[in-house]
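In: I would like to see how this sequence folds:
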Amino acid sequence: MILVLRALGVGDLATAVPALRALRAAHPGRELVLAAPAWLAPLVELVGDVDRLIDTPGLGRTRWTGPQPQLAVNLHGRGPQSHHTLAAARPGRLLGFANSEAGFADGPAWSESEHEVERWCRLLAWYGIPADRSDLALRRPSAGGVPVGVSVLHPGSKIVAKRWPSDRFAALARRLTARGHRVVLTGSPDERGLAAQVADAAGLPADAVLAGRTGLRELATLVAYARVVVSADTGVAHLATAFGTPSVVLFGPVPPARWGPPPDRPRHRAIWAGDRDWPSWDGVGSHPSLTVLGVDEVSAVVDEVERVVRESGAVAT
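Out: Residues are numbered from 1 along each chain as shown. As a prediction, this is how the structure comes out:
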């Protein structure tokens, strides 16, 4: 049995998909067990290749009571705590990044600046397990029960600094609506107020606010069959990449080189103002690298990704 630790969120799971599939290909006869939060189960089903999910809401909060795994793989972080969490399962072998604090000398050195997908592919390659970093696709769920062909705007993020100002999301919603888009607003239950504020400013009907009204599977399905997705650097952006849904992702302060969509996929575009000194920022609200992004610029990139889809002859939804 192989035990894999990735006790994080939607984007974190999505970026680990190539590594998970590489482990499955390298060990086809072994049970692949993923230690991750239980609420990710609908997304794990769309990943495939995982035999069992163990609810692991955070490091050190779950005690392994099953049989001793032959192999444990740390796709969670650099350690030491994540290494200790897996070591407690007494695996036959642990794969992870070298960490002296954890007393773990095996594995490659950690690189803070590399892309999250590349990070885990490089880790496995060090251990002789090849991984295809482009293998990001999720299984497409049935479209039943959600609107198809809508334009998804996702104004929220758990990290407030990553949010594009709500008035600009509202202006973009108005502009897209005028161009014939059916705009809906997604988000977590905690972001329902933000989504309602954007909808009100944009003149959208109340039923356009889907924030807090969709489970993870419904959200994934909505994204899978959307016309376009516009969001901050958050989990929804990774879902759009995984389903091939045209997307525009607004980055700041973390650059797209760390978490952005693959640069060789023109229907997925990242917008980033660059790494500058931002002396005027007081650490509250949207980061200046996002506030400098105007509605005209974002709208133009939305038009561009839609043009790419039209010219390719593909159907966006």
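In: C-alpha from now on. contacts and neighbour counts both.
Out: Fine.
In: hang on, Leu250 packs against Ser231?
Out: Yes: Leu250 is in contact with Ser231 according to Cα atoms under 8 Å; the separation is 6.2 Å.
In: Strands of the stretch 201-317 of the chain, start to end?
Out: Assigned by DSSP state E, counting those that start in this stretch, the strands in the stretch 201-317 of the chain fall at 228-232, 247-251, 268-272.
In: Make JSON lines from these and add mean neighbour count to it.
Out: Shown next, in JSON lines, are these (neighbours: other Cα atoms under 10 Å):
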{"stretch": "strand 228-232", "mean neighbour count": "26"}
{"stretch": "strand 247-251", "mean neighbour count": "28"}
{"stretch": "strand 268-272", "mean neighbour count": "23"}
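In: and of those strands, who's closest to Gly187?
Out: Ranking the strands of the stretch 201-317 of the chain by proximity to Gly187 (Cα to Cα) places strand 228-232 first, at 10.1 Å.
In: Now do that closest one: distance to the chain's middle.
Out: Distance, stretch centre to chain centre, for strand 228-232: 12 Å (Cα atoms, centre = their mean, to the nearest Å).
In: Show me what it packs onto, helices and strands only.
Out: Judged by 3 or more Cα pairs under 8 Å, 6 or more residues apart in numbering; DSSP states H and E, strand 228-232 is in contact with strand 151-154, helix 235-243, strand 247-251.
In: and if we set it to 10 Å?
Out: Using 3 or more Cα pairs under 10 Å, 6 or more residues apart in numbering; DSSP states H and E as the contact test, the elements touching strand 228-232 are strand 151-154, helix 166-178, strand 183-185, helix 235-243, strand 247-251, strand 268-272, helix 295-312.
In: Among the ones you listed, which comes closest to Gly77?
Out: helix 235-243 (17.7 Å).
In: Nearest the geometric middle of the protein, what residue?
Out: With distances taken as Cα atoms, centre = their mean, the residue of the chain nearest its centroid is Gly11 (2.1 Å).
In: what pairs with His268 across the strands?
Out: Here His268 sits in beta bridges with Ser247, as judged by DSSP bridges.
In: Relative to Ser113, how far out is it?
Out: Using Cα to Cα, to the nearest Å, His268 is found at 21 Å from Ser113.
In: What of Gly9?
Out: Relative to Ser113, Gly9 is positioned 20 Å away (Cα to Cα).
In: The two: which has the busier surroundings?
Out: Shown here are Gly9 and Ser113; by other Cα atoms under 10 Å, Gly9 has more neighbours (15 against 10).
In: Report the contact partners of the more buried one.
Out: Ala36, Pro37, Trp39, Leu40, Pro57, Thr234, Gly235 (Cα atoms under 10 Å, 6 or more residues apart in numbering).
In: neighbours of Ile159, just the number please.
Out: 12.
In: dump the residue contacts of it.
Out: Ala232, Asp233, Thr234, Gly285, Ser286.
In: Val298: which of the residues you listed is nearest?
Out: The closest of the contacts of Ile159, once distances to Val298 are taken by Cα to Cα, is Ala232, at 11.7 Å.
In: nearest spatial neighbour of Ala196, skipping sequence neighbours?
Out: Nearest non-adjacent residue to Ala196, counting by Cα to Cα, 6 or more residues apart in numbering: Val209, 6.1 Å away.
In: Show me the beta-bridge partners of the one you found.
Out: Beta-bridge partners recorded for Val209 (DSSP bridges): Leu185.
In: pretty sure it contacts Ala202?
Out: No: contact criterion Cα atoms under 10 Å: Val209 and Ala202 do not qualify, at 11.5 Å.
In: Give me the more crowded residue out of those two.
Out: Of the pair Val209 and Ala202, Val209 is the one with more neighbours under other Cα under 10 Å, namely 24 against 20.
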